[in-house]
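Undergrad: Everything below, folded, please.
(chains A and B)
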Amino acid sequence: MCATCGCESHEPVRISRPDELTLHHHHHSHEHLGHHKTVVDLELDVLSRNNAIAKEMRAFFLSQNIFAVNLVSSPGSGKTTLLERTVGILRHHLPCAVIEGDQQTSLDADRIRALSVPAVQINTGRGCHLDAEMIRRAVHQLSPARNSMLFIENVGNLVCPAMFDLGESARVVIMSVTEGDDKPAKYPDMFHSANLCVVNKIDLLPYVNFNMERFRNHLVQLGGVIHCLELSATRGDGIESWINWLRQQQQNSRHENAHLSYSH
Amino acid sequence: MHELSLVEGILEIAREQATAHHAQSVDCIELDMGALDAVDPDAFDFAWKAATPATVLAQAQCIIHRIPGRARCMICDHEFEVEQYFDECPKCGSFRKEITGGAGLKVKRITLT
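TA: This is a model prediction of the structure:
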């Protein structure tokens, strides 16, 4: 029941189209009796709490010159295999650390630790995405070094992680040729939110109906500017370009933040 | 979309505002919902009914204003309405655009009692 005029409205939620009346309409005037009402104009994003924590994390990463990469994809695209190969190479150049996200098990974190790279596993239980608060806790536990790379392997899911800013320096969406070349059209939010798209398992191209040109066209149709790299994490194709991209991004970030660095 | 997470986010904002203004409950809450990130009405309704009983939102009316998506073409500078992230510029046909409105979900106004 509307508390303003007492008219019956059994449904608490009303969604209006732009051409409809947007406010609950009263055809009669009424005096407010009794209850004092406060109207507060807010303009607050609904995910404001996550965004506030993400902002803190971003500032923290900048102050420590930590380049944080959020890796998103569907399950089975080869994220962890790519990460193993990546940190296997990069750890010789700069300190690396990894935050792993899965519903259950520490299998992925174990694989990373086997390479002598520090890793923390977040288990979300029934949760389907990582959020900024989880990252804050993991970073507290991990204590990544200054001037390092931090990889965040998100929960395998092409839908929900798109909405949650983790405070990352870059977001990379990874997909494999076995998933179909129409993924960017089907999951626009995820691809739209990323800085780079990686197409993995190109060694399997002869065996699947994946059309690279059609895939790249779908990316272009999203309207932003998203760079795309093709590689095979298992066979090694394209890994050099990927490592170069990461190092270049990290270098660019370092130069931009030179005035914030306290080191040397 | 993640309707339950969104309702929980709205609930958190409502709680903070109620505390800040020493109010007992929310009478009405108005949201601006960008057409580009439009929620599924049934899923939102379900999430609302699941998450709001016995909270400050238990008696609240939730009014959602749909805000049309807007974009500016990066090639010809034309401003136009969009329904999806991958609509093309009606003037030059390019897909390269900057989204200028209609994204996200905001709490616009809250009436406390």
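
Undergrad: only C-alpha atoms for contact and neighbour calcs from this point on.
TA: OK.

Undergrad: what ranges do the strands span in chain B?
TA: Assigned by DSSP state E, the strands in chain B fall at B:26-34, B:61-67, B:69-73, B:79-82, B:97-101, B:105-112.

Undergrad: how much does the second one deviate in direction from strand B:105-112?
TA: What that stands for is strand B:61-67. 150 degrees (axes from the mean of the first three to the mean of the last three C-alpha atoms, to 10 degrees).

Undergrad: do the fifth one as well
TA: Here the directions of strand B:97-101 and strand B:105-112 differ by 10 degrees (the same axes, to 10 degrees).

Undergrad: Alpha carbons of strand B:97-101, as CSV, please.
TA: Taking Å, rounded to 0.1, in the frame of the first residue of the first chain, the C-alpha atoms of strand B:97-101 are listed here in CSV:
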residue,chain,number,x,y,z
LYS,B,97,31.4,5.0,-30.4
GLU,B,98,31.6,6.4,-26.9
ILE,B,99,28.7,5.6,-24.6
THR,B,100,27.4,8.9,-23.1
GLY,B,101,24.3,7.8,-21.2
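
Undergrad: buried sites along it?
TA: Using 16 or more other C-alpha atoms under 10 Å in any protein chain shown as the burial criterion, the residues of strand B:97-101 that qualify are B:Lys97, B:Glu98, B:Ile99, B:Gly101.

Undergrad: Neighbouring strands - and their directions - for it?
TA: strand B:69-73 (antiparallel) (DSSP bridges).

Undergrad: for chain A, which spans come out with low pLDDT?
TA: Within chain A, the stretches with pLDDT under 70 are A:1-10, A:17-35, A:224-225, A:257-264.

Undergrad: any idea what sits nearest residue 56, other than its immediate chain neighbours?
TA: Unless you meant another one, I'm taking chain A. Once flanking residues are discounted, A:Glu56 sits nearest to A:Gly167: 7.4 Å by C-alpha to C-alpha, 6 or more residues apart in numbering or on different chains.

Undergrad: ah, I was thinking of chain B
TA: Nearest non-adjacent residue to B:Val56, counting by C-alpha to C-alpha, 6+ apart: B:Ser25, 4.5 Å away.

Undergrad: Am I right that that neighbour is in contact with B:Ala18?
TA: Yes. In this structure, B:Ser25 is within contact of B:Ala18 by C-alpha atoms under 8 Å, at 6.6 Å.

Undergrad: Residues that sit against both of the two, list them.
TA: When contacts are counted by C-alpha atoms under 8 Å, 6 or more residues apart in numbering or on different chains, B:Ser25 and B:Ala18 have B:Val56, B:Leu112 as shared neighbours.

Undergrad: Quick one: name the residues of chain B near chain A.
TA: Residues of chain B lying close to chain A by C-alpha under 8 Å from any C-alpha of the partner chain are B:1-2, B:6, B:9-10, B:13, B:21, B:27, B:41, B:45, B:48, B:59-68, B:85-88, B:95-98, B:104-113.

Undergrad: and if we set it to 7 Å?
TA: Proximity of chain B to chain A is confined to B:1-2, B:6, B:9-10, B:27, B:45, B:60-67, B:85-86, B:95-97, B:105-113 under the rule C-alpha under 7 Å from any C-alpha of the partner chain.

Undergrad: Pull the residues that contact stretch A:93-107.
TA: A:87, A:108-109, A:117-127, A:130, A:138, A:144-145, A:148-155 (C-alpha atoms under 7 Å, 6 or more residues apart in numbering or on different chains).

Undergrad: if we go to 8 Å?
TA: Contacts for stretch A:93-107 (C-alpha under 8 Å, 6+ apart): A:87, A:90, A:108-109, A:112, A:117-130, A:135, A:138, A:142, A:144-145, A:147-156.

Undergrad: distance of the residue of chain B most remote from its centre from chain A?
TA: Farthest-out residue of chain B from its mean C-alpha position, per C-alpha atoms, centre = their mean: B:Cys92, at 30.1 Å. According to C-alpha to the nearest C-alpha, to the nearest Å, B:Cys92 and chain A sit 13 Å apart.

Undergrad: what's the closest non-adjacent residue to that residue?
TA: B:Cys76 (6.9 Å).

Undergrad: Tell me if I'm right that the one you found and B:Pro90 touch.
TA: No. Distance between B:Cys76 and B:Pro90: 10.4 Å, which falls outside the contact criterion (C-alpha under 8 Å).

Undergrad: and A:Pro144, backbone torsions?
TA: In terms of degrees, to the nearest 10, the main-chain angles of A:Pro144 are phi -60, psi 150.

Undergrad: Was I right to think A:Ala185 contacts A:His218?
TA: Yes. Here A:Ala185 lies in contact with A:His218, judged by C-alpha under 8 Å, at a distance of 6.0 Å.

Undergrad: Who has more neighbours out of the two?
TA: A:His218 (20 against 17; other C-alpha atoms under 10 Å in any protein chain shown).

Undergrad: For ChimeraX, what selects the buried ones among the contacts of stretch A:93-107?
TA: Burial among the contacts of stretch A:93-107 is assessed by 16+ other C-alpha under 10 Å; the matching ChimeraX selection reads:
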select /A:87,108,109,112,117,118,119,120,121,122,123,124,128,129,130,135,138,142,144,147,148,149,150,151,152,153,154,155,156
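
Undergrad: want to throw the buried residues of strand B:97-101 into a markdown table with pLDDT?
TA: Shown next, in a markdown table, are the buried residues of strand B:97-101 (pLDDT from 0 to 100):
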| residue | pLDDT |
| --- | --- |
| B:Lys97 | 83 |
| B:Glu98 | 86 |
| B:Ile99 | 86 |
| B:Gly101 | 88 |
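
Undergrad: Cool, thanks, signing off.
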